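need a 3D model of the sequence below.
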Amino acid sequence: MVRPIRNWLLAALAAALLLLVLPALPSAVGWTLAGLLLPVLGLAVFVTAPLRRARRHFARGAWDDAALAVAAFERSLETPWRREVARLAVGSWTSNPHAAARNLLGAVRIEQGRLDDAATHLDRAIALDPHYAIAWANRALLEKKRGDLPALERARAEALRLGAGRARLLAALG
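Okay, the predicted model is just below:
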């Protein structure tokens with residue numbers, strides 16, 4: 001099972017269990033539990049806002065703005081509690097906020113034509129989370145731009161093995 005599907009299933013299972021368990025708990029315990037969980041989830045969304053902003057800039061082709069937003073996100077992760085809370089909302093492909101940031105910055109650098117910088121960031125993302133299929137897919141795209149066909153094939157195979165969508169990956173690689 002690929003990581004995003006597993007993560008969504010785990011979240012759905014946790015929500016279902018919570019909905020089944022809450023009515024069975026005394027009212028005070030249920031409200032206390034809800035009172036603890038909801039702020040943590042809200043905080044996770046707040047902490048990862050710069051990463052979502054970077055993704056929006058990337059989607060619009062605003063490469064410099066995306067890179068600045070990634071840098072702001074990584075600076076915010078210097079605080080240990082922020083780093084741990086960010087794991088809850090960073091994405092379905094990885095729970096490592098630094099890997100997500102490095103992958104996005106690698107993608108930005110590919111688009112800017114800064115291929116050596118892109119390789120550095122993607123290598124770091126993969127080192128932080130070797131099972132991060134999207135980082136491997138971006139590595140394949142980088143190798144295509146470099147013209148290194150054996151490296152492209154290795155990265156593409158790893159991305160597919162880890163669950164990157166075949167049709168989407170093939171479309172990106174041309």
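
use CA for all of it now, contacts and neighbours both
Will do.

name the residues of the biggest helix by length in the chain that are buried.
The single longest helix within the chain, with elements called by DSSP state H, is helix 27-47. By neighbour count on 16 or more other C-alpha atoms under 10 Å, the buried set for helix 27-47 is Gly30, Leu43, Ala44, Val45, Val47.

redo the residues you listed as TSV? Include pLDDT.
Formatted as TSV, those follow (pLDDT from 0 to 100):
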residue	pLDDT
Gly30	71
Leu43	84
Ala44	86
Val45	86
Val47	92
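
now, the most widely separated pair of those residues?
Greatest spatial distance among these (C-alpha to C-alpha): Gly30 and Val47, at 25.8 Å.

if we can go back for a sec, out of the buried residues of helix 27-47, the closest to Ala172 would be?
Nearest to Ala172 out of the buried residues of helix 27-47 is Val45 (C-alpha to C-alpha; 29.1 Å).

identify the residues contacting that closest one.
Ala86, Ala89 (C-alpha atoms under 8 Å, 6 or more residues apart in numbering).

and the gap between it and Arg52?
Shown here: Val45 relative to Arg52, a distance of 9 Å by C-alpha to C-alpha, to the nearest Å.

check Ala133 too.
From Ala133 over to Arg52 (counting by C-alpha to C-alpha), the distance is 19 Å.

give me the buried positions along the strand or helix carrying Ala72.
In the assignment (DSSP states H and E), Ala72 maps to helix 63-76. The neighbour-count check on helix 63-76 (16+ other C-alpha under 10 Å) flags Trp63, Asp65, Ala66, Ala67, Leu68, Ala69, Val70, Ala71, Phe73, Glu74, Ser76 as buried.

how much space between Leu19 and Leu9?
As judged by C-alpha to C-alpha, Leu19 and Leu9 stand 15 Å apart.

what kind of secondary structure is Lys145 in?
For Lys145, the assignment made with DSSP: H, G, I helix; E, B strand; the rest coil gives helix.

mind pulling up the pLDDT for it?
According to the prediction, Lys145 has pLDDT 94.

how close does Ala59 sit to Val108?
Ala59 is 10 Å from Val108, by C-alpha to C-alpha.

the two - which one has more neighbours?
Val108 (28 against 11; other C-alpha atoms under 10 Å).

correct me, but the more buried one touches Ala67?
Yes - using C-alpha atoms under 8 Å, Val108 is in contact with Ala67, at 6.9 Å.

thank you kindly, that will do.
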